[in-house]
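Peer 1: what would the 3D arrangement of this be:
(one chain, ligands or ions: 1)
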Amino acid sequence: MKKTATLIVDGKSYELPVMVGTDGNRAIDISRLRKETGLITYDPGFGNTGSCTSSISYMDGEKGILRYRGIPIERLAEHSSFIETAFLLITGELPTKEELSDFSAMLNDHSLVHEDMRHFFERYPRGAHPMGILSSMVNALRAFYPEIPERSEEAEINKAFARLLSKLRTMAAMSYRISKGMPVVYPSYFLSYCANFLNMMFDSAVRPYVIDEDMVSALNVFWILHADHEQNCSTSAVRLVGSARVNLYAAISTGISALWGPLHGGANQAVVEMLQEIYDRGGDPAPFVARAKDKNDPFRLMGFGHSIYKNYDPRGRIMKKMCYRILEKRDFNDPLLDIAMKLEETALRDSYFIDNKLYPNIDFYSGMFLRAIGIPLDMFTVMFAIGRLPGWISQWKESREDPRGKLCRPRQVYSGPGKRDYIPIPERKPKEVNGRRLYPQSVEKTFETKYRSSASYL
Ligand code: CMC
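Peer 2: Here you go, the predicted structure:
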C-alpha cells in the first residue's frame, strides 16, 4: 500500500507521498508542496531535508553505521585499498583484478601535472595555506585539460575522473614542496598511489625516503575512512554548484573550499591546535571543557560532536586504533596524545556532552595520526581532501545522471523590511553599531577628499 502523510493547512488536507529508502529510512516527499499549497518548508542547515536520493553511502547516526555502496566501512578498512574503494564509490561495484589493474594504470598515466602549472605554485606567497592553493589550482585545471561534454562516452568520463584523482595527489605534494622551497618530486611508475604520495612529500636527493609498508597501509586506511560521507557540507556544495552544470573542476574546487572550514574538514588541524594550546597552558583540559559548555562563548570542543552521529563515529574508532599502532611502531611518545586522552575522558564524563550525545568524531584522532606519519599541520585538511575526492566525484556523477536532477535553488522566508521609500542622500543618518559609527569619520573624509571631484565614482 502506498504510504502518505497528511498535512492540514487552514482546514484543508493534503496527502504527501512517503518515500522509503532501502534501509527503511522514511522521508515525506514535499517536491510538489509549493505548487499545491503555496507553502514552503523552513529547515535552517537542512538537517531535516533530503536533497536527493543517493545509492553511494549509507549512514545511521544513532547506531554509528557507515557503509559505502552497502559495504561496512570496517570491512573496507580491513581489506580494501584506497584505489579499490575509489573504484567502488565511482562505479558502484568492487573491481575485478583486471579492472583494478587497468584503473591503476590509468591513474599512473595521468599522474603528472602540466609543467606550466608549476609557475602558478611558485607565485603564491610563502606561508599561504595549502587548502587555498589547492582549491584555486583545481579550478585552474580546466584551463589545461578539457571539460567533460554533456554526452560523453563512459571511457571519456572515467579518464577525466582518473586525471583528477591522480593529479590532486600530485598537486598536494607539489604545493607542499614548493611552499618549503624544496625541489618537486615526480610520481613514480613503480610505486602505489599511497606510497607515491609519501615519496613525493618526503623524498630527498640527499636523504632518500624509504617506503615503509605499515605507513603505506595506514595511509590507505586513512583515505578509505574519508572517502565519502553522504550529503555532508562539502559534498552538498559540490552537488549544488554542479547542478548549475559547471565543469567538474569548478565543482570539486568548491568542495575543497567548503571542506577547509574548521567545523568540517578543517577540524583535524583545529583539534591539534587546541590540544597544543591545552598543553601550553599546563595540560589541564577542564577549562576548555567549561568554555565549550558556556553558551556565551563561541568556543567549541574541536573533534567532538557530529550533525548525524549521536554515537561514536565509526571512523573515529578505527582512526584511534591506527593512531596508537603507528605511534608505537615509530616509538614516538606524543605528549598531545596524552592530552587528547585526558580531554576525551573529561568530556565523556560530563553531563553536557552525555546529554547532547557529543562523542569524538573522526577528526579528534586523525590529526594525531597525521602528526605521527610526519604530515605538517597545515597539510592536514589537504589530506582529508585527497581522501574525499572519490566521494565528491561519485556524488557529482550521480547528480549529473539523475533524470530528476534540477538546478538547486532553495527558497527563503524573507525577514527584511517591508516595502519602503528611497531616501535622498542628504536626509540619511550615519550607520551605527552599539552606539559607534560603522564607518568612522576619518575614513569617510579621506574617501570624500580623494573622490570629491570624480563624478564617475558615484
Ligand atoms: N562543543 C560544544 N558544544 C557542542 C559541540 C562541541 N564540539 N558540538 C555540538 N555542540 C552543541 C551544539 O551547540 C548544540 O547545542 P544547542 O542545542 O544548545 O544549540 C548541541 O551540542 C547539539 O549539537 P548537534 O545538533 O548535535 O550538532 P550541530 O549540528 O549543531 O553541530 C558540528 C555539528 C560538527 C558542527 C559540531 O558538533 C561542532 O562544531 N563540532 C566541532 C567541530 C568538529 O569537530 N567538526 C568535525 C565534524 S566531523 C568531520 C566532518 O565530517 O566534517
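Peer 1: got a list of contacts for stretch 386-397?
Peer 2: Applying Cβ atoms under 8 Å, 6 or more residues apart in numbering, the contact partners of stretch 386-397 are 54, 56-57, 82, 85-86, 89-90, 157, 161, 164-165, 168-169, 172, 197, 222-229, 231, 234-235, 238-239, 242, 248, 251-252, 255, 259, 265. In this view, the C-beta of every residue, glycine as well, is placed from N, C-alpha and C.
Peer 1: how about 6 Å then?
Peer 2: For stretch 386-397, the surrounding residues in contact (Cβ atoms under 6 Å, 6 or more residues apart in numbering) are 56, 86, 89-90, 161, 165, 168-169, 172, 223, 226-228, 235, 238-239, 242, 251-252, 255.
Peer 1: stretch 288-295 too?
Peer 2: 278, 297, 299-301, 346-347, 352.
Peer 1: verify the assumption that residue 6 is located in a strand.
Peer 2: Yes - secondary structure of residue 6 (DSSP: H, G, I helix; E, B strand; the rest coil): part of a strand.
Peer 1: if I pick it, what's in contact with it?
Peer 2: Applying Cβ under 6 Å, 6+ apart to residue 6 gives the contacts residue 13.
Peer 1: tell me the bridge partners for it.
Peer 2: residue 15 (DSSP bridges).
Peer 1: point to the residue nearest the middle of the protein.
Peer 2: residue 259 (3.2 Å; Cα atoms, centre = their mean).
Peer 1: what's the burial count for the residue lying closest to that residue once chain neighbours are set aside?
Peer 2: Closest residue in space to residue 259, ignoring its immediate chain neighbours: residue 265 at 3.7 Å, by Cβ to Cβ, 6 or more residues apart in numbering. Residues near residue 265, counting by other Cβ atoms under 10 Å, number 30.
Peer 1: go on, the one 10 residues further on?
Peer 2: For residue 275, the tally of surrounding residues (other Cβ under 10 Å) stands at 28.
Peer 1: mind checking how far it is from residue 341?
Peer 2: 10 Å (Cβ to Cβ, to the nearest Å).
Peer 1: chain center to stretch 263-275: distance?
Peer 2: Centroid displacement of stretch 263-275 relative to its chain, using Cα atoms, centre = their mean, to the nearest Å, is 13 Å.
Peer 1: touching the ligand at all, it?
Peer 2: Yes - applying Cβ under 6 Å from any ligand atom, one finds stretch 263-275 in contact with the ligand at 263-265, 267.
Peer 1: what's the ChimeraX line that selects buried ones from those residues?
Peer 2: Applying 16 or more other Cβ atoms under 10 Å to the residues of stretch 263-275 next to the ligand, the buried members can be selected in ChimeraX as follows:
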select :264,265,267
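Peer 1: grab the nearest non-local neighbour of residue 63.
Peer 2: In space, residue 63 is closest to residue 311, 6.5 Å off (Cβ to Cβ, 6+ apart).
Peer 1: separation between that neighbour and the ligand?
Peer 2: 11 Å (Cβ to the nearest ligand atom, to the nearest Å).
Peer 1: list the contacts of residue 221.
Peer 2: Neighbouring residues of residue 221 by Cβ under 6 Å, 6+ apart: 77, 322.
Peer 1: could you export the helix or strand where it lies as PDB, CA atoms only?
Peer 2: Residue 221 is part of helix 213-226 when elements are defined by DSSP states H and E. The C-alpha trace of helix 213-226 is given here as PDB (Å, rounded to 0.1, in the frame of the first residue of the first chain):
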ATOM      1  CA  GLU A 213      54.700  -0.700   4.100                       C
ATOM      2  CA  ASP A 214      53.000  -0.100   7.500                       C
ATOM      3  CA  MET A 215      52.800   3.600   6.800                       C
ATOM      4  CA  VAL A 216      51.500   3.000   3.300                       C
ATOM      5  CA  SER A 217      48.700   0.700   4.600                       C
ATOM      6  CA  ALA A 218      47.900   3.100   7.400                       C
ATOM      7  CA  LEU A 219      47.500   5.900   4.800                       C
ATOM      8  CA  ASN A 220      45.300   3.700   2.700                       C
ATOM      9  CA  VAL A 221      43.000   3.200   5.700                       C
ATOM     10  CA  PHE A 222      43.100   7.000   6.500                       C
ATOM     11  CA  TRP A 223      41.900   7.800   3.000                       C
ATOM     12  CA  ILE A 224      39.300   5.000   2.800                       C
ATOM     13  CA  LEU A 225      37.800   6.400   6.000                       C
ATOM     14  CA  HIS A 226      37.500   9.800   4.500                       C
END
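Peer 1: closest point of the stretch 51-200 of the chain to the ligand, which residue?
Peer 2: Residue of the stretch 51-200 of the chain nearest the ligand, by Cβ to the nearest ligand atom: residue 61 (9.2 Å).
Peer 1: er, the chain actually
Peer 2: When scored by Cβ to the nearest ligand atom, the chain has residue 305 as its residue closest to the ligand, at 2.4 Å.
Peer 1: give the contact list for that residue.
Peer 2: Each residue near residue 305 by Cβ under 6 Å, 6+ apart is listed here: residue 358.
Peer 1: again, but for residue 247
Peer 2: Residue 247 neighbours (Cβ under 6 Å, 6+ apart): 142, 147.
Peer 1: that older thread, and of the contacts of stretch 288-295, the nearest to residue 65?
Peer 2: Top of the list for closeness to residue 65, among these and by Cβ to Cβ, is residue 347 at 22.8 Å.
Peer 1: shouldn't that closest one be in contact with residue 353?
Peer 2: Yes - here residue 347 lies in contact with residue 353, judged by Cβ atoms under 6 Å, at a distance of 4.6 Å.
Peer 1: these two: which is more packed in?
Peer 2: Neighbours per residue (other Cβ under 10 Å) separate residue 347 from residue 353, with residue 347 holding more: 24 against 21.
Peer 1: am I right that the residue nearest to residue 63 is in contact with residue 60?
Peer 2: No - using Cβ under 6 Å, residue 311 is not in contact with residue 60; the gap is 8.8 Å.
Peer 1: check what pLDDT residue 23 gets.
Peer 2: With respect to pLDDT, residue 23 has a value of 88.
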